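Enquirer: here is the input, now give the coordinates:
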Amino acid sequence: MSLTAAASGFLVLLLTLPVVQGQIPVGTYSSTDICASRGSTVNMSCTFSHESSLTIKKTCWYPEGRFDRNCDSGFIDRATYFCDDKNKCTLRIEDLKDSDAKTYTFRIVGEGRGNTWSFPPGVKLTVTALQMHVTRVKVNVSHTEAELSCTSTCTRPSYVWFKNGLKVPEEEAASYTGHLEPGDGISCALKGHEDHRVPSLYAPKFPSVSVSPSGEVMEDSSVTLTCSSDANIVAHYTWYKRNETEPLSKEPQLVFNSIQSSDSGQYYCTAENQLGTRETQICIDVKYGPKRPSMSVSLSAEIVEGSSLTLTCSSDANPAANYTWYKEDEDSPKASGQIFIITDVRAEHSGSYYCEAQNNRGRSNSTLTTLTLTVVSVLDKTAMIIRITRLTLVVVIPISLLLFCLWMRKKKAQSSTTEPHEPIETVEAVLSDRTHQRLDSDPQYENNSNTAAQAEDSEEQEDQV
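Expert: Numbers count the residues shown, from 1 in each chain. Okay, the predicted model is just below:
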């Protein structure tokens with residue numbers, strides 16, 4: 001027994017077997033109807049018995065429509081053909097294609113004219129595109145409840161289900177119902193063709209996000225964010241900015257034609273299919289040079305000689321800016337840092353100042369700010385003290401006295417209201433008696449009384465004259 005292959009790929013088995021005259025060879029197929037998945041490998045076998053008087057020269061398989069009486073025609077190059085010592089001959093076709101779907105018949109050729117036999121009905125090969133569909137799904141936070149179906153063009157097929165590569169026991173129906181945890185994959189295959197499964201269906205893996213161009217994100221440049229996820233069924237993508245509800249894009253890419261500093265922030269993309277959703281976030285930090293700095297002064301009134309003055313410079317920049325202080329018409333800087341403090345103000349500190357903000361993306365100067373520093377001298381200081389003292393004497397002291405008088409008056413009024421009242425007539429009588437007693441007992445008052453009487457008499461006499 002030997003095996004040869006034609007240049008075109010047709011495989012013929014050359015046999016030298018005696019066949020008994022008068023006996024007809026008999027062939028038996030292991031299966032007459034085979035359904036296999038596209039891309040899989042299939043074996044078709046026929047076992048035959050022969051006449052002892054007949055020498056078998058060739059055996060072959062031929063597809064319908066291409067009858068080959070003498071087993072001389074070519075065959076597909078994806079086929080291999082072999083026989084064992086028990087006269088079982090097998091045709092193996094790999095990487096099945098739709099065009100391979102035919103009926104294949106086994107044939108033997110013996111020595112002598114007319115010693116050829118075919119064995120109908122042959123093997124009917126059906127090539128199917130095995131598919132899997134999600135028929136029902138409910139996505140929860142921790143898992144997904146799903147019902148999936150496996151479909152083919154085979155007649156009365158049996159299926160095998162696999163979860164994460166492991167066979168699901170006692171599951172040969174056309175549908176599968178169960179829980180899928182994050183990362184789980186589910187697939188099916190035709191029974192007997194377990195090595196050729198439908199690619200697993202699974203929810204999206206956590207997406208990966210890339211930024212183009214890579215490196216630092218510069219203001220006014222064009223930037224593209226790309227989101228991708230391993231998923232089967234195909235994932236749909238959506239871009240959001242953190243704390244915003246409206247989507248920015250429903251495509252895998254989010255494009256900024258001219259990105260601005262206000263675009264800095266947290267972004268995230270979601271990858272979603274029927275079996276679940278995953279998201280990944282990315283921080284976009286837009287770099288830019290300093291905006292025009294603003295300058296502020298701690299004091300706006302007159303500054304006493306020897307006091308301190310604080311100047312502050314601020315600018316919007318990323319990365320943060322470094323600050324340098326200059327005085328107009330002077331090349332050398334006066335100070336560095338965001339705050340410039342003049343601790344001992346003198347007349348020469350008057351003038352115009354500006355600050356410069358600088359980072360590795362650029363620099364910017366503030367507008368020129370003129371500081372008119374009116375320095376108060378020692379004499380002016382003394383005059384100021386005198387004015388304050390006069391103001392105190394003129395205003396504060398009279399007000400204090402007025403308040404004190406009002407307080408005393410109020411106090412007297414309160415004390416008079418607290419003493420018991422005597423009848424007015426009694427009080428007047430008592431006062432009159434006491435007055436007479438004092439006048440009678442005091443000689444001075446007696447003289448005064450006589451003098452007064454004399455004066456009255458004189459006045460009466462003058463009136464009469």
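Enquirer: give me the below-cutoff pLDDT ranges for this protein.
Expert: Counting by pLDDT under 70, the chain shows low-confidence ranges at 1-23, 51, 68-75, 299-304, 373-384, 416-465.
Enquirer: please, where are all the helices along it?
Expert: Secondary structure of the chain (DSSP state H): helices at 378-391, 397-418, 424-441, 443-464.
Enquirer: which helices and strands sit right next to the second one?
Expert: This points to helix 397-418. With contacts taken as 3 or more C-beta pairs under 8 Å, 6 or more residues apart in numbering; DSSP states H and E, helix 397-418 sits against no other helix or strand. Quick note: C-beta positions are derived from backbone N, CA and C, even for glycine.
Enquirer: may I see the buried residues of stretch 175-193?
Expert: 175-176, 178, 180, 182, 184-190, 192-193 (16 or more other C-beta atoms under 10 Å).
Enquirer: quick one: Phe256 from Glu244, how far?
Expert: Here Phe256 is placed at a distance of 15 Å from Glu244 (C-beta to C-beta, to the nearest Å).
Enquirer: how far does stretch 241-259 sit from its chain's centre?
Expert: 11 Å (C-alpha atoms, centre = their mean, to the nearest Å).
Enquirer: can you tell me what sits against it?
Expert: 217-228, 236-240, 263, 265-269, 281, 284, 286 (C-beta atoms under 8 Å, 6 or more residues apart in numbering).
Enquirer: what is the end-to-end distance of it?
Expert: 14 Å (C-alpha to C-alpha, to the nearest Å).
Enquirer: from what I can see Ser152 touches Leu130, true?
Expert: Yes: between Ser152 and Leu130 a contact is recorded at 5.0 Å, counting by C-beta atoms under 8 Å.
Enquirer: neighbour-wise, which of the two wins?
Expert: Leu130 (25 against 20; other C-beta atoms under 10 Å).
Enquirer: so in terms of bridging, what pairs with the nearest residue to the more buried one once chain neighbours are set aside?
Expert: Nearest non-adjacent residue to Leu130, counting by C-beta to C-beta, 6 or more residues apart in numbering: Ser37, 4.5 Å away. Using DSSP bridges, the beta-bridge partners of Ser37 come out as Thr128.
Enquirer: give the residues shared as contacts by Ser152 and Leu130.
Expert: 37, 190.
Enquirer: show me how the chain divides into domains.
Expert: For the chain, the structural domains run 2-128, 131-202, 208-287, 294-376, going by automatic domain parsing.
Enquirer: can these go into TSV with extra columns for distance to Lys410?
Expert: Formatted as TSV, the domains of the chain follow (distance: least, C-beta to C-beta, whole Å):
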stretch	distance to Lys410
domain 2-128	113
domain 131-202	78
domain 208-287	65
domain 294-376	41
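Enquirer: coming back round to it: higher neighbour count, Phe256 and Glu244?
Expert: Taking neighbours as other C-beta under 10 Å, Phe256 and Glu244 compare with Phe256 leading, 17 against 10.
Enquirer: how far away is that one from Arg361?
Expert: Counting by C-beta to C-beta, the gap from Phe256 to Arg361 is 18 Å.
Enquirer: my read is that Gly185 contacts Trp161, right?
Expert: No: between Gly185 and Trp161 no contact is recorded; they are 11.4 Å apart, counting by C-beta under 8 Å.
Enquirer: just the strands from the stretch 151-300 of the chain, written as ranges.
Expert: In the stretch 151-300 of the chain, the strands defined using DSSP state E, counting those that start in this stretch lie at 159-163, 166-167, 175-180, 185-190, 201-202, 208-212, 217-218, 223-228, 236-241, 253-256, 265-273, 276-284, 286-287, 294-297.
Enquirer: dump those strands to TSV, plus distance to Thr32.
Expert: Below are those laid out as TSV (distance: least, C-beta to C-beta, whole Å):
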stretch	distance to Thr32
strand 159-163	22
strand 166-167	28
strand 175-180	29
strand 185-190	17
strand 201-202	34
strand 208-212	51
strand 217-218	67
strand 223-228	48
strand 236-241	46
strand 253-256	54
strand 265-273	41
strand 276-284	44
strand 286-287	71
strand 294-297	91
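Enquirer: now Glu328. Its backbone dihedrals?
Expert: phi -60, psi 140 (degrees, to the nearest 10).
Enquirer: still on that earlier bit, please list only the buried members of the contacts of stretch 241-259.
Expert: 217, 219, 223, 225-228, 236-240, 267-269, 284, 286.
Enquirer: contacts only, for Arg292.
Expert: Counted by C-beta under 8 Å, 6+ apart, Arg292 has contacts 315, 364-367.
Enquirer: hmm, which two among those residues are most spread apart?
Expert: Greatest spacing in the contacts of Arg292, by C-beta to C-beta: Ser315 and Thr367 (12.2 Å).
Enquirer: so between these two, which is more surrounded?
Expert: Ser315 (24 against 11).
Enquirer: which residues touch that one?
Expert: 290-294, 321, 323, 357, 364, 366.
Enquirer: neighbours around Phe48, how many?
Expert: Using other C-beta under 10 Å: Phe48 sits among 21 other residues.
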